[in-house]
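*Asks:* Here is my input; please provide its structure:
(chains A, B, C and D)
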Protein chains: 2
Amino acid sequence: MTPTIFIVDDDSSVRKSLERLLRASGYQTQAFASAEDFLACRPCLNPKDPSCLVLDVRMPGISGISLQQELANAGVILPIVFITGHGNIPMSVQAMKNGAVDFLPKPFAEEELLNAVEQALAKAARLQKEAAEKAEIRRRVKTLTPREYEVFRWVITGMLNKEIAAELKVTEKTIKVHRARVMQKMKAASLADLVRLAEKIGITPENPGSNPGSSVG
Amino acid sequence: MTPTIFIVDDDSSVRKSLERLLRASGYQTQAFASAEDFLACRPCLNPKDPSCLVLDVRMPGISGISLQQELANAGVILPIVFITGHGNIPMSVQAMKNGAVDFLPKPFAEEELLNAVEQALAKAARLQKEAAEKAEIRRRVKTLTPREYEVFRWVITGMLNKEIAAELKVTEKTIKVHRARVMQKMKAASLADLVRLAEKIGITPENPGSNPGSSVG
DNA sequence: CTGGATATTGGACCAAGGTCCAATTTACAA
DNA sequence: TTGTAAATTGGACCTTGGTCCAATATCCAG
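*Replies:* As a prediction, the model looks like this:
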């Protein structure tokens, strides 16, 4: 329910100050003294509710920028608001290129931080929703047998059953059976639905996607 | 064929220097002393080939940041590489938020600028391609009569002709006729195609899009 | 007011998709 | 070796979509 704002800063006075501010604004907070400490907090990396990270750029050990990279590579959904006392332009540009929501040099107005956090949480909510949708679709795709997946890819091209049958060198009847199972397993109420599901996970007539067969017995 | 790099900087020595560098790298260039001068160049705002803009942040009159906003509002596809002698972090962050490709404080290495320009051109090519596709689809949608557009929106929901007919309080036969015309006018070879076309311009079962009827005679 | 575009509908017909039923073969795992 | 999952196919049947043909009513602009 209540969004959690993670704080990573090596300066304890800054941590305290940030926690005070954010809690006063109704957020739940969790502070860490280093990127290493934060990374050690497994549940933090996969928050159930939309969350974000207020991150100091310059810290001993793993820097804020490096942490940003690692989180991105790990697919962690945690929009970042950078804060810094000794930043420079290239640093801020790099952070923004990597998807940071904002980059605030100290001193900043409380209002600025709160606005940035709000944007970050909105972004988190959006990304989490999209990720959840895609995960659900991929979960369904994984239930398809290799052959069903193959037929699935052909069906969304718009080809007729008889054409697909010729392509796969089987009878049209066989395609009908596979096709019906695809619709069931993908929970698609119509071909239009099936096409949209495929689009959402990036499976187009041009892009076949990955074959799930390897994990199916 | 040859990409054009537009340069906007009030310092003539900087303009000359940039033109020399970019031309030596095989680009065509066109320099302007102010944002106003650049905006006056109509063809520059709608370049046929992928192009980009190397833009000074601080200038008399319209600033670089303001120009970026104006171009964005006007829907101009011109990725921007900012250069600046007296920039600061908030300025760079704002520029990046608004979609700048890079933000280079002077002095910068020639290599840095060239890399940024290359990225900007790649982005321009991508955006232009997408924009062209969408424009073509919208052009086709505009050829639909109001009723055809309405049927189009229902068809991509996956509903049966008889269901759509009940919804619009007409006979199934009527829907068939409209539907056939929609497929023709949209140049869709299959329902799957039609659904993808609709998706590309953001018309989903939830989002009806804008009715083209007002502009059709 | 008249012609063209739009919207509507009918009939006939064929092709295509979907859905029951049931069956065989193959491959891999317990 | 036996059993389960997967792949394949057949038949019958109905629904749906697509495509010819043609016709009527409405509305708006020249």
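
*Asks:* From now on I want contacts and neighbour counts done on CA atoms only, so please keep to that.
*Replies:* OK.

*Asks:* The longest helix seen in chain A near DNA strand D at all?
*Replies:* The helix spanning the most residues in chain A, taking DSSP state H as the definition, is helix A:110-142. No - Helix A:110-142 stays clear of DNA strand D (CA under 7 Å from any atom of the strand), getting no nearer than 9.8 Å.

*Asks:* Residue numbers of chain A in contact with chain B?
*Replies:* Counting by CA under 8 Å from any CA of the partner chain, chain A comes close to chain B at A:87-90, A:92-93, A:96-97, A:102-105, A:156-159, A:189-193, A:195-196, A:199.

*Asks:* again, only this time at 7 Å
*Replies:* Selection of chain A residues close to chain B by CA under 7 Å from any CA of the partner chain yields A:88-89, A:92-93, A:96, A:103, A:156-158, A:190-193, A:195.

*Asks:* Give me the PyMOL select line for those residues, limited to the buried ones.
*Replies:* Of the residues of chain A next to chain B, the buried ones go into a single PyMOL selection, burial set by 16 or more other CA atoms under 10 Å in any protein chain shown:
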select buried, chain A and resi 89+92+93+96+103+156+157+158+191+192+193+195
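
*Asks:* Return the subset of the residues of chain A next to chain B lying in strands.
*Replies:* Counting by DSSP state E, the residues of chain A next to chain B place residue A:103 in strands.

*Asks:* mind putting the residues of chain A next to chain B in JSON lines, distance to DNA strand D and pLDDT included?
*Replies:* Below are the residues of chain A next to chain B laid out as JSON lines (distance: CA to the nearest atom of the strand, whole Å; pLDDT from 0 to 100):
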{"residue": "A:88", "distance to DNA strand D": "56", "pLDDT": "97"}
{"residue": "A:89", "distance to DNA strand D": "55", "pLDDT": "98"}
{"residue": "A:92", "distance to DNA strand D": "50", "pLDDT": "98"}
{"residue": "A:93", "distance to DNA strand D": "49", "pLDDT": "98"}
{"residue": "A:96", "distance to DNA strand D": "45", "pLDDT": "98"}
{"residue": "A:103", "distance to DNA strand D": "50", "pLDDT": "98"}
{"residue": "A:156", "distance to DNA strand D": "14", "pLDDT": "98"}
{"residue": "A:157", "distance to DNA strand D": "14", "pLDDT": "97"}
{"residue": "A:158", "distance to DNA strand D": "11", "pLDDT": "97"}
{"residue": "A:190", "distance to DNA strand D": "9", "pLDDT": "98"}
{"residue": "A:191", "distance to DNA strand D": "10", "pLDDT": "98"}
{"residue": "A:192", "distance to DNA strand D": "11", "pLDDT": "98"}
{"residue": "A:193", "distance to DNA strand D": "13", "pLDDT": "98"}
{"residue": "A:195", "distance to DNA strand D": "15", "pLDDT": "98"}
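
*Asks:* near DNA strand C, from the residues of chain A next to chain B?
*Replies:* With the criterion set as CA under 7 Å from any atom of the strand, the members of the residues of chain A next to chain B near DNA strand C are A:190-191.

*Asks:* could the residues of chain A next to chain B go into a markdown table alongside distance to residue B:172?
*Replies:* Below are those laid out as a markdown table (distance: CA to CA, whole Å):
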| residue | distance to residue B:172 |
| --- | --- |
| A:88 | 66 |
| A:89 | 63 |
| A:92 | 60 |
| A:93 | 58 |
| A:96 | 54 |
| A:103 | 58 |
| A:156 | 25 |
| A:157 | 26 |
| A:158 | 23 |
| A:190 | 18 |
| A:191 | 19 |
| A:192 | 19 |
| A:193 | 22 |
| A:195 | 24 |
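
*Asks:* right, and out of the residues of chain A next to chain B, which lies closest to residue B:53?
*Replies:* Checking the residues of chain A next to chain B against residue B:53 with CA to CA, the nearest one is residue A:93 at 17.6 Å.

*Asks:* so which helix or strand takes in residue A:66?
*Replies:* helix A:64-73 (DSSP states H and E).

*Asks:* Summarise which helices and strands the helix or strand following that helix is packed against.
*Replies:* Using DSSP H and E, the next helix or strand after helix A:64-73 towards the C-terminus is strand A:80-84. Secondary structure elements in contact with strand A:80-84, counted by 3 or more CA pairs under 7 Å, 6 or more residues apart in numbering or on different chains; DSSP states H and E, are strand A:52-56, strand A:102-105, helix A:110-142.
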